[in-house]
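Visitor: just the structure for this:
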Amino acid sequence: MTAAELSVVFFLQMFVIIAVSRLVGWLAKKYLGQPQVVGEMIAGVILGPSLFGLLAPDLQHMLFPKDSKSVLYVGAQMGVGLYMFLVGLGFQADHFKSNAKSAAAVSLSGMAAPFLVAVAIAPWLLSLGLFGKGIDTFQATLFMGAAISITAFPMLARIIHERGLSKTPLGTLSLSAGAIDDAGAWTVLAIVLATFGGGPAVAIKAIVGGAVFVAFMITLGPKLLAPLGRWAEREGKVTPNILGVVVMLFMLSAWAMDAVGIHAVFGGFILGTVLPRGVLSREVKKQLEPFAVVLLLPMFFTFSGLHTQLTMVNSVSLVAVTLVILAGSILAKGGACWAAARLTGQDNATACGIGALMNARGLMELIIINIGLQKGIIGPALFSMLVLMAIITTLMASPLFEILYGKAARARGELGALDESEDEDSELARLPA
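Guide: Residues are numbered from 1 along each chain as shown. Reported below is the predicted structural model:
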């Protein structure tokens, strides 16, 4: 396709993506009690080959031609990265420091237990021919461990904000553990890719590069960025020049994490956590949030949905395998996070709430398994099983959280009441800087 043809297709794509995302998100919230973000994830799957492509393949192909997916991919990465930057701006560092021990314990436990499950089931899945050619037991175990241990970091962040948890220790603890969890999962994935042919340099670059970036941002970032905060305070607002500098810093941070082989979302999130608070953080959120949430983020969900084919799970035996993966994933992840939270001093209700939230896999799961499929690590059938696991665990997260923690906490006045008519997309803008 020519550039002019791509332009024509792109604008029609965005109309459909935004319309379907808003509609399905509204329906999910009104009738299923799910956050807007879960509806958007489902909308992405609906627009892919699992439903739209199944019912109207020619129309779906015309709307989402192969050549246009590279454009969607770039927009998707910028959208989810920018969203996580905004989440970082609302990150409560004092809560993280006071819960660092619990966050590390929850994260490590939430990875260790799923890896034990992977050790148990990976040889079985390998014997069923669900992995790609040339994959050995070690590679299969590492990949399954990463796939079932990951937490939906961007989705977890949005659920936390939509449930009114952003100012609470529970919300910050869950978000902190999710960040550590996903960084570990991406590191394991880098090791898998290295053993599969990328070479040890892939894993070394990801581990060392990520550690250097985080250490630099945490130690020197606040001092280097302080003049930017003072500039905004003198102006009393964020001028176009200030916003331009912030956006350039975001692009540089996203590039750094993508370049080392981790993911742009972590670059955006880390930058957001160290940006000076006050006028700068408050006004940047106010100016960037609508663009990121309404326009760019749905591109992320749609791009992932275009690679999701649920009809691959089409036999009783494959359904049984899917149920084993699902049960093992839920019990290992949720149970381990609950136990770790309890052992580090959290009460039972809080520990249950953390376990419910950390169990959501969402689109981070879809990113990992798409990489696995593209690299030939897993086959289409296992890919579809893991997609189903991601959707089900994500759908479970909010209602299970409300049952185990939310309702009682709201009754005690610890959380605000859920307002079904509230515009969830304004939540980030109300976070304190």
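Visitor: going forward, measure contacts between C-alpha atoms and count neighbours the same way
Guide: Will do.
Visitor: V188 contacts A146, doesn't it?
Guide: Yes. Assessed by Cα atoms under 8 Å, V188 is found in contact with A146 at 6.3 Å.
Visitor: any idea how many residues pack against V16?
Guide: 14 (other Cα atoms under 10 Å).
Visitor: mind giving me the packing neighbours of the helix or strand hosting it?
Guide: Here V16 sits within helix 3-32, counting by DSSP states H and E. Applying 3 or more Cα pairs under 8 Å, 6 or more residues apart in numbering; DSSP states H and E, we find helix 3-32 packed against helix 36-47, helix 57-63, helix 297-305.
Visitor: what about V188 and A146, which has more around it?
Guide: Between V188 and A146, counted using other Cα under 10 Å, the more crowded position is A146 (26 against 20).
Visitor: and the angle for the helix holding V16 with helix 36-47?
Guide: With axes from the mean of the first three to the mean of the last three Cα atoms, to 10 degrees applied, the angle from helix 3-32 to helix 36-47 works out at 130 degrees.
Visitor: just how off-centre is helix 3-32 within its chain?
Guide: Distance, stretch centre to chain centre, for helix 3-32: 20 Å (Cα atoms, centre = their mean, to the nearest Å).
Visitor: flag every buried residue along it.
Guide: Buried residues in helix 3-32, counting neighbours by 16 or more other Cα atoms under 10 Å, are found at 9-10, 13-14, 17-18, 20-22, 24-26, 28-29.
Visitor: got the angle for that helix vs helix 297-305?
Guide: Going by the same axes, to 10 degrees, helix 3-32 makes 90 degrees with helix 297-305.
Visitor: mean confidence score for helix 3-32?
Guide: Helix 3-32 carries an average pLDDT of 91.
Visitor: now render the helices and strands packed on helix 3-32 as TSV, adding mean neighbour count, mean pLDDT and distance to L72.
Guide: Shown next, in TSV, are the helices and strands packed on helix 3-32 (neighbours: other Cα atoms under 10 Å; pLDDT from 0 to 100; distance: least, Cα to Cα, whole Å):
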stretch	mean neighbour count	mean pLDDT	distance to L72
helix 36-47	25	85	12
helix 57-63	14	92	12
helix 297-305	26	85	6
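Visitor: need these in a markdown table with distance to R342, can you?
Guide: Output for the helices and strands packed on helix 3-32, formatted as a markdown table (distance: least, Cα to Cα, whole Å):
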| stretch | distance to R342 |
| --- | --- |
| helix 36-47 | 28 |
| helix 57-63 | 48 |
| helix 297-305 | 34 |
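Visitor: quick one: closest of the ones you listed to S166.
Guide: S166 sits nearest to helix 36-47 of all the helices and strands packed on helix 3-32, at 15.7 Å, using Cα to Cα.
Visitor: please point out which parts of the helix or strand following that closest one sit buried.
Guide: Downstream of helix 36-47, the next assigned helix or strand under DSSP H and E is helix 52-55. Using 16+ other Cα under 10 Å as the test for burial, helix 52-55 gives 52-53.
Visitor: in the stretch 101-250 of the chain, which spans are strands?
Guide: For the stretch 101-250 of the chain, strands defined by DSSP state E, counting those that start in this stretch do not occur.
Visitor: got any ranges where it has weak pLDDT?
Guide: The stretch 101-250 of the chain contains residues with pLDDT under 70 at 154, 167, 193-199.
Visitor: buried ones in stretch 343-351?
Guide: Buried residues in stretch 343-351 (16+ other Cα under 10 Å): 344, 346, 349-351.
Visitor: report the distance from that stretch to the chain centre.
Guide: 24 Å.
Visitor: so for it, mean pLDDT?
Guide: On average, stretch 343-351 scores 86.
Visitor: so what's the gap between stretch 274-284 and the chain middle?
Guide: Computed by Cα atoms, centre = their mean, the chain-centroid distance of stretch 274-284 equals 23 Å.
Visitor: again but with stretch 303-317, I slipped
Guide: 20 Å.
Visitor: got the buried residues for that stretch?
Guide: 303-310, 313.
Visitor: with stretch 134-141 instead?
Guide: Taking 16+ other Cα under 10 Å as the criterion, stretch 134-141 shows 135, 137, 139-141 as buried.
Visitor: let's have the residues you listed in CSV, adding distance to L400.
Guide: Output for those, formatted as CSV (distance: Cα to Cα, whole Å):
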residue, distance to L400
I135, 36
T137, 34
Q139, 33
A140, 31
T141, 29
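Visitor: let me know the closest of those residues to A211.
Guide: Nearest to A211 out of the buried residues of stretch 134-141 is Q139 (Cα to Cα; 23.8 Å).
Visitor: so the closest one sits against V192, correct?
Guide: Yes. Counting by Cα under 8 Å, Q139 does reach V192; the two are 6.0 Å apart.
Visitor: ok, V45 to F303 distance?
Guide: For V45, the distance to F303 equals 9 Å [Cα to Cα, to the nearest Å].
Visitor: what lies in contact with stretch 122-132?
Guide: 137, 140-141, 144, 376-382 (Cα atoms under 8 Å, 6 or more residues apart in numbering).
Visitor: so how far is stretch 259-278 from its chain's centroid?
Guide: 14 Å.
Visitor: go on, stretch 400-407?
Guide: 21 Å.
Visitor: next, the distance between the ends of that stretch.
Guide: 10 Å.
Visitor: next, Q346: phi, psi?
Guide: Main-chain torsions, Q346, degrees, to the nearest 10: phi -80, psi 150.
Visitor: same question for R163.
Guide: According to degrees, to the nearest 10, R163 has phi -90, psi 0.
Visitor: tally up the residues packed near it, please.
Guide: 21.
Visitor: adjust the sequence numbering to begin at 548 for everything that follows.
Guide: Right, with 548 as the first residue, what we last looked at is R710.
Visitor: hang on, S723 packs against K648?
Guide: No. Using Cα under 8 Å, S723 makes no contact with K648, being 10.6 Å away.
Visitor: which one of those two has more residues nearby?
Guide: Using other Cα under 10 Å, the more surrounded residue of S723 and K648 is S723, with 26 against 16.
Visitor: without its sequence neighbours, what residue ends up closest to that one?
Guide: A650 (5.9 Å; Cα to Cα, 6 or more residues apart in numbering).
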